[in-house]
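Q: sequence and predicted structure are below.
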There are 2 protein chains.
Amino acid sequence: MGAHMDPEEFRRNGYAVIDWIADYWTHLAERPVTPAEPPGAVAALLPAGPPEHGEPFDRILADLDPVVAPGLTHWQHPAFFGYFPANTSGPSVLGDLVSAGLGVQGMLWASAPACTEVETVMMDWLAELIDLPQRFRSSGPGGGVIQDSASSATLVATLAALHRASGGRWRGNGVDRRYRVYTSTQAHSSVEKAARIAGLGDDGVRAIEVDPKTLALRPELLRAAIEADRAAGDVPALVVATIGTTSTTAVDPLPAIGELCRAYGLWLHVDAAYAGAAAVCPELRWSHAGVEYADSYCFDPHKWLLTGFDCDAFWVADRAELTGALSVLPEFLRNAATESGAVLDYRDWQVPLGRRFRALKLWFVLRWYGAEGLRAHIRAGVDLAGRFADLVRADERFEVVAPHPFSLVCFRLRADAAPAADIPAADARNAELLARVNATGRVHLTHTRVNGRHTLRLAVGAPQTTYREVDLAWRLVERTATTLLGGAAEGNRATGAPAG
Amino acid sequence: MGAHMDPEEFRRNGYAVIDWIADYWTHLAERPVTPAEPPGAVAALLPAGPPEHGEPFDRILADLDPVVAPGLTHWQHPAFFGYFPANTSGPSVLGDLVSAGLGVQGMLWASAPACTEVETVMMDWLAELIDLPQRFRSSGPGGGVIQDSASSATLVATLAALHRASGGRWRGNGVDRRYRVYTSTQAHSSVEKAARIAGLGDDGVRAIEVDPKTLALRPELLRAAIEADRAAGDVPALVVATIGTTSTTAVDPLPAIGELCRAYGLWLHVDAAYAGAAAVCPELRWSHAGVEYADSYCFDPHKWLLTGFDCDAFWVADRAELTGALSVLPEFLRNAATESGAVLDYRDWQVPLGRRFRALKLWFVLRWYGAEGLRAHIRAGVDLAGRFADLVRADERFEVVAPHPFSLVCFRLRADAAPAADIPAADARNAELLARVNATGRVHLTHTRVNGRHTLRLAVGAPQTTYREVDLAWRLVERTATTLLGGAAEGNRATGAPAG
């Protein structure tokens, strides 16, 4: 007991884990999507302290079913419709497994050359798949790198923008709190978090209002905010535009925003965390119009492109601006390859020093599926969401409250015929509807606020999801609505009048 | 082609990957430790663009041997002695595999309760294993969380320190560039990087000189620096002390530093990235004397505790100070559990939003090895390093240049009998010695500078390392030295005079 696991033990135990996962996937649809246990239920099943003596592997593995699995929200469940998808796939899991087995550290080119080079090539492959402009490819001054998440991508873009805005003084002197970051009211919370981490404070972020119909940033208000800040002596430094906002998948007007960034000399970072994957399909590339204005861009293959978390794909048009901001070279990391200037050291593209061989899972996924397989996955998601939206629209008690170009549908019980005073009541009804539907454990949806009002979100993306689960979700929603609204609503439904 | 991999295909392909890894481990010692190929060699083997059609899995797997493996520095190789170890183990790889297969997202308690609860319990187990003070356990106001790396731990500690120093105004108003961070000249480069990211600039960091023998921070100089900054109107905010510096594994005097932090009201972060693992052994806990003064502390199980990267274990004494700095609550993440206050949402303890189920690999490792197995691993490393140091000391041409309490030995060809003008020559000789030894591909060592002079580092930590590889390393070093120094050195060796 307590000795290292030798390769033959690893082989035997490894088969058992592969079996456990294959069985988990086979029977996933039979599980509740969400756990029913209250906080503390899982912890209560674990001993309070670590074991003194080692345990056989089968005893460890045997605890997954009773202890871990019942305490999970199953993100890969075909009836998981919450947040955004964080899907994975067989080839991704196996690519990650190879990475874990190799256990190499890719902080420098010299510390694991293949780890860096496969990543550079995979980022170029991805750029081609989503038709990113040439300037982001590694053959020129740009290039791509894997970040853990779009939050970290936003952070490093913010730092590079501050470095540029300061004429390079930021590195040594620190941040000038007069720098300003612009984004829409619908942008991800990571913009605010990045600004705070970078020392700008929440006050350094200007949240620009959106068009109430499209929920996209209004460029004329962006221009006005930039002008007002300049007039006040503040220094506009960065715009974060979004392709596919978290709330509703709104698409900001990049061409107009890009022109403003050019005119005023601001860094443009484009956050396409979820919707970037859609650009593998030519018919969805309209969403990326204007991306050639971006100084940096990212999307998450770990959201909707079948690659397990973490895998955010981040590109810059000029990698020297990024490494100029982030490089630190202590003696213990000096090496001939770095000093030759002939290699990329990805540690200078990110916050942490260490890095895993995450490009392997991307390599496995892109080769297993091919471009055609990835397109098929995206199209399936769009189709499933479209079906759900059609079901919602066919029921007059409900409304679809935002455009749904991708695989997210935002909807709610209508309140528009009710007196204004009843909007809080309508919000409460929608919240109750969501709570009851989720309490069944058979599907999982989340919510947001759209134009201030409580809205349900159904996001499609798990590989196993089919019409069956989408129809199930709708059936649960509409039946729960019927119960919730009572007999009157049934009548309304027949007459087409809004539910009150 | 291009369809999802079904569970039975996953089972079959998964066995094949497990086999590949088991075989990789079995034959690892036969490989060169480092690749010989120049930059670009791996990339040249890959197609320039992604495939249109999917490929069978066996063809993907078949590329690992010719394309990937020859292009790697093998960090798990028994003769890998570079940097610090980044070791892994069978149970860690399999725990990570389960995590990848589940594919859950642990950003919130509500988004995967077991992911959060197993992590909280594992952090308490680890705290017990290394005998951390009660204040860091989750039963009180403190608690632990897994970060990706010690770099990120230093960053979040810096942010919490700034938040506290500002009386809470930092969140909204941004950073005051008069805040100062103190660390030793031997501290990891991540302290400088964190200060830069946080907007303090490189100028915001005071590098305090160390004792030339112990290479540990000199508290009287820390006090003087704090006083000088206060007198100049700057605001001392944070000290980062190190247990086991990257260069030489020096241990800063925590009790004296802690008293100063208390007296002047500074946040004390303790970075024990590498050496924290040593505290599983009671006989090495002297290195942690004074840790009760820390506001935050971290060590990396992914360095020397058999848990694959990434797994940095980070604790705070008051978790509200950390979440107070980092929390952001957009509508789409609101949920009843969070609002009840009864759960931990680890997204507010870190930079990114998303998080993997990394506690699983820790759970597997701690149970497979038990406390006794972990202690045995640490003791083996200390013993192997001690043997190497003895071999160095027995050869008068060499000197051990720093204390080696853990598993790192710093050594070099002596130059102390040479005239002062010859120190650059001695540095060049040591650099050449390292280059020639590494060029054999049979071992891999790295270097540093100690008191300004070029020094070789031999770091032990891979599970497969034995006396055999340590003896091989020494044989290569001393024979190369003989060649390098020529006949004269042979004579010197016999007489005990320093090589010149």
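A: Received it, and whenever you're ready, just let me know what you need.
Q: verify the contact between A:Val205 and A:Ala195 for me.
A: Yes: the pair A:Val205 / A:Ala195 is scored as a contact, 4.8 Å apart, by Cβ atoms under 8 Å. For glycine as for every other residue, the C-beta is placed from the backbone atoms N, C-alpha and C.
Q: which of those two has more residues huddled nearby?
A: A:Ala195 (26 against 20; other Cβ atoms under 10 Å in any protein chain shown).
Q: got the contact list for the more buried one?
A: Shown in contact with A:Ala195 (Cβ atoms under 8 Å, 6 or more residues apart in numbering or on different chains): A:158, A:181, A:201-202, A:204-205.
Q: quickly find the element holding the residue of the stretch 351-500 of chain A found nearest chain B.
A: Closest contact between the stretch 351-500 of chain A and chain B, by Cβ to the nearest Cβ, is at A:Gly373 (2.7 Å). Applying DSSP states H and E as the criterion places A:Gly373 in helix A:359-393.
Q: neighbours of A:Thr446, just the number please.
A: Count around A:Thr446 with other Cβ under 10 Å applied: 21.
Q: confirm it sits in a strand?
A: Yes: counting by DSSP: H, G, I helix; E, B strand; the rest coil, A:Thr446 is located in a strand.
Q: now it, nearest residue through space, not along the chain?
A: Counting by Cβ to Cβ, 6 or more residues apart in numbering or on different chains, A:Thr446 lies nearest to A:Gly82, which is 4.3 Å off, once chain neighbours are set aside.
Q: that neighbour reaches A:His444, doesn't it?
A: Yes: assessed by Cβ under 8 Å, A:Gly82 is found in contact with A:His444 at 4.6 Å.
Q: quick check: neighbours shared by these two?
A: A:Thr73.
Q: and the stretch 301-450 of chain A, which residues reach chain B?
A: Within reach of chain B by Cβ under 8 Å from any Cβ of the partner chain, the stretch 301-450 of chain A has these residues: A:302, A:308-310, A:325-326, A:328-334, A:337, A:340, A:342-343, A:351-354, A:356, A:360, A:363-364, A:366-374, A:376-377, A:446-449.
Q: now do the helices in the stretch 101-250 of chain A.
A: A:113-129, A:150-165, A:170-173, A:189-197, A:219-231 (DSSP state H, counting those that start in this stretch).
Q: with mean pLDDT added, can I get those helices in JSON lines?
A: Formatted as JSON lines, these follow (pLDDT from 0 to 100):
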{"stretch": "helix A:113-129", "mean pLDDT": "98"}
{"stretch": "helix A:150-165", "mean pLDDT": "98"}
{"stretch": "helix A:170-173", "mean pLDDT": "96"}
{"stretch": "helix A:189-197", "mean pLDDT": "97"}
{"stretch": "helix A:219-231", "mean pLDDT": "98"}
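Q: if we can go back for a sec, may I see the buried residues of the helix holding A:Gly373?
A: By neighbour count with 16 or more other Cβ atoms under 10 Å in any protein chain shown, helix A:359-393 contains the buried residues A:359-371, A:373-382, A:384-389, A:391-392.
Q: what mean pLDDT does the following helix or strand past it have?
A: On the C-terminal side of helix A:359-393, the closest following helix or strand by DSSP H and E is strand A:398-400. Strand A:398-400 shows a mean pLDDT of 96.
Q: isn't the residue of the stretch 351-500 of chain A closest to chain B right next to B:Met5, touching?
A: No: at 10.3 Å, A:Gly373 and B:Met5 do not qualify as touching, with contact defined as Cβ under 8 Å.
Q: what is in contact with A:Val205 and A:Ala195 at once?
A: Joint contacts of A:Val205 and A:Ala195 (Cβ under 8 Å, 6+ apart) are A:Val181.
Q: off-centre distance for the strand or helix carrying A:Leu322?
A: Here A:Leu322 sits within helix A:319-326, counting by DSSP H and E. Distance, stretch centre to chain centre, for helix A:319-326: 24 Å (Cα atoms, centre = their mean, to the nearest Å).
Q: buried stuff in it?
A: A:319, A:321-326.
Q: is A:Gly49 in contact with B:Trp125, as I believe?
A: Yes: between A:Gly49 and B:Trp125 a contact is recorded at 6.1 Å, counting by Cβ under 8 Å.
Q: which of these two has more neighbours?
A: The neighbour count for A:Gly49 versus B:Trp125, taken as other Cβ under 10 Å, is higher for B:Trp125 (22 against 14).
Q: quick one: the closest residue to the more buried one other than its chain neighbours and B:Gly95, what's the gap?
A: Spatial nearest neighbour of B:Trp125, excluding adjacent residues (Cβ to Cβ, 6+ apart): A:Pro50 at 4.0 Å. Distance, A:Pro50 to B:Gly95, using Cβ to Cβ, to the nearest Å: 15 Å.
Q: who has more neighbours out of those two?
A: Per other Cβ under 10 Å, whichever of A:Pro50 and B:Gly95 has more neighbours is B:Gly95, with 29 against 22.
Q: other SSEs contacting the helix or strand hosting that one?
A: Mapping B:Gly95 onto the secondary structure by DSSP H and E places it in helix B:90-102. Applying 3 or more Cβ pairs under 8 Å, 6 or more residues apart in numbering or on different chains; DSSP states H and E, we find helix B:90-102 packed against helix A:7-26, helix A:57-61, helix A:90-102, helix B:359-393.
Q: tell me how far the first one is from the chain's mean position?
A: Put simply, helix A:7-26 sits 29 Å off its chain's centre (Cα atoms, centre = their mean).
Q: what's near enough to touch the closest residue to chain B within the stretch 151-300 of chain A?
A: Scanning the stretch 151-300 of chain A for the residue nearest chain B gives A:Gly199, at 2.4 Å (criterion: Cβ to the nearest Cβ). By Cβ under 8 Å, 6+ apart, A:Gly199 lies in contact with A:174-175, A:177, B:162, B:174-175, B:198-200.
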